[in-house]
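> Kindly return the folded structure for what I paste below:
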Amino acid sequence: MRLHLSVLALLATPAMAENAPRVLADIGPVHSLVAMVMEGVGEPSLVVPPGTSPHDMALRPSDAAALTEADLIVWTGPVMLPWLDTAIGSLAPEARILTLLETEGWEPLILGARADLADHDHEDHDDHDDHGEHEDHEDHDDHAHAGSHDHEGDDHGHDGHHDHAHGVPGEIDPHAWLDPAVAAVWVGAIAGALSDLDPAHAETYRSNAEAAQARLTELAADLRARMAPLGDRRFLAGHDAYAYFERASGLSSAGSVADFTGAPPSPATIAALRDTALSGGASCLLLDSETDPAWATTLGEGADLRTAMADPEGVFLEPGPDLYPALIEGLAAALEDCLGG
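Numbers count the residues shown, from 1 in each chain. Now for the predicted structure:
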């Protein structure tokens, strides 16, 4: 069963209103939600352009000008994009700011609150003399894979792919857009901020928000139904970014290569993840653009571990109101194929 999305067919492109507010959104999923609410009034601008990871972003002169000229900036918050926090403070002191992670009406998840393989030291793996396949993990600090694991191509060392941190323990997990129920609440907050800024179009914002919330509610229900046949099958992830999607879909991960701190995994964590794959505790490794694909070999050697690619930030999707449903659809399809294969 594929996700069924009710999309109204537009017979003509609606004319944009004169003097529409200048609105800036930080990342693709947030931009998509803002675009849903602004439809028929104006189009928001996007800080992080398509094809660019938010973690690799460097502000261009045009980006600085857009921040300076913005009437409203809608963003996740400093936990997700600390570099943008500094830019907003210096370049957009007069703009109205809507920080979505600070809105009410939804249940945040807390960084470090859940216990998975990436959060534990797994000291029992340090002296696994009866597990020859793990002996090489003792000297694994830079993931060079020396010793008994002769992984072809491992000389790259898994470097350069997990240097992005998302806060510290106790802060809100910033990946909340991956739960459509949260996105529906955010749409309401976006409509409220736009109506305060632009009362002349408040009714349009309200109507658009109601339509978007109905669409997102349907998306959430279809996602849960679609993932239900996968039962208790679990997956490993390149980094710990999917807790909200797990809550929305009913799936669960069995651990991640990199945790929310962005630190490289310890030898004990690598050994534990391999044990999970070898024992059948996880049958899928969910990779993304931030994860070195060589981890599939490292963790999956000798195991029935399939791989799938995900785009949780919509980096490779076309910006606009349809990006958000496409993002959730793509993530669902990747896990459905990987876990159900």
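> quick one: what helix or strand has Ala268 in it?
Element membership of Ala268 [criterion: DSSP states H and E] is helix 267-278.
> From the contact counts, what lies against that helix?
Helices and strands touching helix 267-278, by 3 or more C-beta pairs under 8 Å, 6 or more residues apart in numbering; DSSP states H and E, are strand 234-239, strand 252-258, helix 295-300. No exception for glycine: its C-beta is placed from N, CA and C like everyone else's.
> Kindly report the domain assignment for this protein.
Following automatic domain parsing, one gets these domains for the chain: 23-108+176-226, 117-170+228-309.
> just so I know, which of the ones you listed lies nearest Leu327?
domain 23-108+176-226 (6.0 Å; C-beta to C-beta).
> what's the first-to-last distance across that closest one?
35 Å (C-alpha to C-alpha, to the nearest Å).
> now swap in stretch 76-93 and tell me
18 Å.
> can you give me the offset of it from its chain's centre?
Remark: stretch 76-93 is offset 19 Å from the chain centroid, using C-alpha atoms, centre = their mean, to the nearest Å.
> Over to stretch 305-322?
That offset, for stretch 305-322, works out to 9 Å (C-alpha atoms, centre = their mean).
> Keeping just the C-alphas, turn it into PDB.
What follows is stretch 305-322 as a C-alpha-only set of coordinates in PDB (Å, rounded to 0.1, in the frame of the first residue of the first chain):
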ATOM      1  CA  LEU A 305      22.000  -6.700   6.400                       C
ATOM      2  CA  ARG A 306      20.400  -4.800   3.600                       C
ATOM      3  CA  THR A 307      20.900  -1.100   3.000                       C
ATOM      4  CA  ALA A 308      18.700   1.800   2.000                       C
ATOM      5  CA  MET A 309      19.300   5.500   1.300                       C
ATOM      6  CA  ALA A 310      17.300   8.200   3.100                       C
ATOM      7  CA  ASP A 311      17.000  12.000   2.700                       C
ATOM      8  CA  PRO A 312      15.600  13.100   6.100                       C
ATOM      9  CA  GLU A 313      16.300  16.800   5.400                       C
ATOM     10  CA  GLY A 314      14.900  16.800   1.900                       C
ATOM     11  CA  VAL A 315      18.300  17.900   0.500                       C
ATOM     12  CA  PHE A 316      17.700  16.200  -2.900                       C
ATOM     13  CA  LEU A 317      14.000  17.100  -3.300                       C
ATOM     14  CA  GLU A 318      12.400  20.000  -5.200                       C
ATOM     15  CA  PRO A 319      11.600  22.800  -2.800                       C
ATOM     16  CA  GLY A 320       7.900  23.700  -2.400                       C
ATOM     17  CA  PRO A 321       4.700  22.600  -0.800                       C
ATOM     18  CA  ASP A 322       5.000  19.000  -2.100                       C
END
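> Since that was my last question, I'll sign off now.
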